[in-house]
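> this is a predicted model, with the sequence first.
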Amino acid sequence: MDAQSYGSKNDRSQSETQHDLPRILDRAARSAGLSRSEWHIQLKGDEQLAVLPMNGDEPRLVDDYFRHLASELRHYNEQRTSAARMRLRAAMHHGPVELADNGFAGTAVVATARLLNSRPLYEALDAYATADLALLLSDEVFRSTVAGGHTTLRASDFSRVTVKVKEYESTAWLTVPVIGAPPATGGDRGSADRPATDDPHRATDSLPEPVDLPGEGEGTLGRDGGAGVRNDYHAERMNVTNMNGPVDARGAVFGFGSIDA
């Protein structure tokens, strides 16, 4: 993580950013069911490098953690002037990391740093003034989580870019949570090609296709002029689900009624 335009702030604003950044990251992690106390974190002023254990949390990081981080930044920035906003560039890669005498060592650490300092991330925040977060995944992370179907994100939420920083050159995948996949234009952004199995339409560009509703001939819900939603109450079809704790219900549809109705 790195805060955008940190160097242009005065001393007091820089101190405030350093105070607030770890608290925002902590809240996002807790909301995602993660504990940053288990991470090895290198503090770098307006930047943090975190090394996490390979314990299967990678899809949750890509999906839940960055979704909650975008939400935390939005709430934080709503209370501040434009000059006082905190906007973050984030990059994620995986691979072996060694704990060295002066920090972390390994090609995975170098690759993550190169991704974080690449032009696509800077250009994404420059192009979208309302965005508080831009995220760049390495090709390995993208294919093992998003393309692998282990998150609620779709491949079409990302644009493929080419990262060239110093001796490092690789494919990466860019998303801006506010808008999804930004168009790849100019600089070292590369092409916006996506996997062949990808939906060619971004989520922001089109409405979902009609969805068949359950039941005998109850019609469809969509933009094709179908029968629409049935409002009949069927007690014999009632299901009761007891839930305790946080529930991820993105994409779900809930109906509420009374047994005595």
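Received, thanks.
> check residue 4 and give its pLDDT.
pLDDT recorded at residue 4 is 84.
> got the contact list for it?
87-89, 122, 125 (Cβ atoms under 8 Å, 6 or more residues apart in numbering). All C-beta spots, glycine's among them, are computed from the backbone N, C-alpha and C.
> mind doing that once more with 6 Å?
Going by Cβ atoms under 6 Å, 6 or more residues apart in numbering, residue 4 touches 87, 125.
> for it, grab phi and psi.
For residue 4, the backbone dihedrals (degrees, to the nearest 10) come out as phi -70, psi 140.
> what mean pLDDT does the strand or helix carrying residue 141 have?
Assigned by DSSP states H and E, residue 141 belongs to helix 139-145. In this model, helix 139-145 has a mean pLDDT of 95.
> name the residues that touch it?
For helix 139-145, the surrounding residues in contact (Cβ under 6 Å, 6+ apart) are 58-59, 62, 92, 94, 151, 171, 173.
> quick check: the farthest pair among those residues?
59 and 171 (19.9 Å; Cβ to Cβ).
> CA atoms only: put stretch 74-83 into PDB for me.
C-alpha atoms of stretch 74-83 as PDB (Å, rounded to 0.1, in the frame of the first residue of the first chain):
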ATOM      1  CA  ARG A  74     -14.800   6.200   1.200                       C
ATOM      2  CA  HIS A  75     -16.200   6.900   4.700                       C
ATOM      3  CA  TYR A  76     -12.900   8.500   5.800                       C
ATOM      4  CA  ASN A  77     -12.700  10.800   2.800                       C
ATOM      5  CA  GLU A  78     -16.400  11.900   3.000                       C
ATOM      6  CA  GLN A  79     -15.400  13.900   6.100                       C
ATOM      7  CA  ARG A  80     -12.400  15.600   4.500                       C
ATOM      8  CA  THR A  81     -11.600  18.200   2.000                       C
ATOM      9  CA  SER A  82     -10.200  17.200  -1.400                       C
ATOM     10  CA  ALA A  83      -6.600  18.100  -0.300                       C
END
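> how about that stretch: buried residues?
By 16 or more other Cβ atoms under 10 Å, the buried positions in stretch 74-83 come out as 76-77.
> swap in stretch 87-102?
Neighbour-count burial for stretch 87-102 [16+ other Cβ under 10 Å]: 87-94, 97.
> now do stretch 129-144
Using 16+ other Cβ under 10 Å as the test for burial, stretch 129-144 gives 131-138, 140-142, 144.
> low pLDDT regions in the chain?
Residues of the chain meeting the criterion pLDDT under 70: 183-261.
> repeat the analysis, applying 50 as the threshold.
185-240, 258-261 (pLDDT under 50).
> can you give me the strands for it?
All strands of the chain, identified by DSSP state E, fall at 2-3, 40-44, 47-51, 88-92, 98-100, 103-105, 133-138, 159-165, 168-175, 211-212, 220-221.
> right, I'll leave it there.
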